[in-house]
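In: Show me the folded form of this:
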Amino acid sequence: MDRLFKRAWWLPGPHLQTLWAALIRRKLFLSITNERVELPDGDFLDLAWVGKGSGPIVIVLHGLNGSIHSPYIRGILDTIAKQGWRGVLMHFRGCSGVPNRLARAYHSGDTADLHYIVQTLSQREPHTPLFAIGYSLGGNVLLKWLGENGSCHPLKAAVAISIPFELSKTVARLNTGFSRIYQWRLLRELLSAHQNKFTQIAEPLPFGNIKCFRTLYEFDNAITAPLHGFKNALDYYTQSSSRQYLKLIQTPTLIVHAQNDPFTTLNAIPQQHEVSAAVSLELPESGGHVGFISGKYPWRPIYWLEQKIICYLVSYLD
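Out: This is a model prediction of the structure:
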C-alpha cells in the first residue's frame with residue numbers, strides 16, 4: 001500500500017470523500033457473534049465480534065450514532081477478520097438498536113465503559129495482544145482514555161481517526177456552510193435514538209419541544225450536559241475534548257486526520273509539539289471525515305485507511 005494517502009482524483013474535496021464512504025460504499029457481509037456485557041451500574045453494553053481463533057483482539061469504537069451497520073465499521077472489522085485477528089465493536093450505550101436501561105447514555109468524554117471493556121477482555125485472555133481503534137467521537141474517547149491512564153493498561157497500540165479534538169470548535173464548524181447537512185443528520189438521529197431520555201431531565205426543556213432543537217449545541221446544552229453531570233454544553237466540551245490529553249499518552253498511537261475534515265477547523269488540529277513522543281500524527285491535506293479513499297477508478301475504490309491501520313498495528317506485534 002502507499003504509505004502516504006493519495007486521494008482518488010474522482011473524489012475531490014472534503015464532502016465527496018466523506019459522503020462516498022458513508023453512503024455509496026457497498027455493504028460488506030460479516031459473520032457476527034453478539035455478546036451482551038453487564039456493567040457494574042446495572043446497564044449493559046452490546047459487543048459485536050468478528051473473526052475466529054486465538055489471534056490478537058482489536059477493540060473498535062464507532063462515532064456519534066454509529067453501529068455495526070456503519071460502512072466504516074464493517075470495513076475495518078472485515079479487514080481485521082481477513083488478517084486472521086478478532087475484532088470487537090463496542091456499541092456505546094443505546095447504539096446497538098436496544099435502548100439502554102439508565103437515564104445516562106454516552107458522550108464524547110465518557111471513558112468509563114471503554115475502561116471496563118478493556119479490563120474485561122484483558123482478564124479473559126491476559127496473554128492475547130490487545131489493540132484499539134476509535135473513529136470520530138470514539139477516537140476522542142480513546143485518546144482521552146489513553147491520556148488518563150498513561151501506561152497503566154494492557155493495550156499494545158491504538159489508532160484514532162478523524163477526531164473532534166476540540167468539541168466546541170467541531171460543533172461550531174458543523175453549524176456553518178455545507179457542514180450543516182451533517183449536523184442536521186446527526187441531530188435527527190440523536191433525537192430519534194434518545195427520545196426516552198428527554199423525560200428524565202430534571203429541568204424542563206428550554207425549547208418546550210424537542211423538535212425545536214436546531215443545532216448540536218442546543219441538544220448538548222439541554223440534553224447531553226444535564227444527563228451526564230455537566231453544568232452546560234461549554235462545561236461538557238471543555239472537560240471532554242481530547243486535545244488536552246495528547247501530551248499524556250504513553251502508548252504507541254497513530255492519529256490520522258485530514259486537514260480538510262468538514263467536521264473540524266484547522267485551528268482545532270493539534271501540532272506536533274502538543275502530542276507525546278508515543279503519538280504519530282499524520283495530517284493529510286485531503287481525506288474528508290472518515291473517508292481517505294484512493295484508487296484510479298470509481299468502480300475499484302481503495303479504502304486506504306483500513307490498510308494503513310492494519311499495517312500500523314502489525315508493527316507492534318511481538
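
In: And the helices in the chain?
Out: Assigned by DSSP state H, the helices in the chain fall at 13-19, 71-82, 112-124, 137-149, 167-173, 180-193, 216-219, 225-227, 233-240, 304-314.

In: So which of those helices is nearest A258?
Out: helix 13-19 (7.0 Å; CB to CB). For the C-beta atoms, the positions are set from N, CA and C on the backbone; glycine is no exception.

In: Tell me the helices and strands packed up against that closest one.
Out: Other helices and strands packing on helix 13-19, by 3 or more CB pairs under 8 Å, 6 or more residues apart in numbering; DSSP states H and E, are absent; none qualifies.

In: Give me the average confidence score over that helix.
Out: Helix 13-19 carries an average pLDDT of 95.

In: and it, how far out from the chain's middle?
Out: Relative to its chain's centre, helix 13-19 lies at 18 Å (CA atoms, centre = their mean, to the nearest Å).

In: hey, C-alpha coordinates of that helix in CSV?
Out: Extracted in CSV, the C-alpha atoms of helix 13-19 (Å, rounded to 0.1, in the frame of the first residue of the first chain):
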residue,chain,number,x,y,z
GLY,A,13,-12.8,18.0,-1.9
PRO,A,14,-13.8,17.0,1.7
HIS,A,15,-17.5,16.3,1.1
LEU,A,16,-17.2,13.8,-1.7
GLN,A,17,-14.7,11.8,0.3
THR,A,18,-17.0,11.9,3.3
LEU,A,19,-20.2,11.1,1.6
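
In: Touching that helix from outside, list them.
Out: 7, 11, 178, 182, 258, 260-262, 286-293 (CB atoms under 8 Å, 6 or more residues apart in numbering).

In: Can you tell me which of those residues is closest to A277?
Out: Distances from A277 to the contacts of helix 13-19, taken by CB to CB, are shortest for A258, at 23.5 Å.

In: and the gap between that closest one and T18?
Out: Plainly put, A258 is 9 Å away from T18 if you go by CB to CB, to the nearest Å.

In: is it true that R86 touches I59?
Out: No: look at R86 against I59 with CB atoms under 8 Å: they stay out of range, at 10.0 Å.

In: which residues of the stretch 201-318 of the chain fall in strands?
Out: 253-256, 279-282, 293-294, 302-303 (DSSP state E, counting those that start in this stretch).
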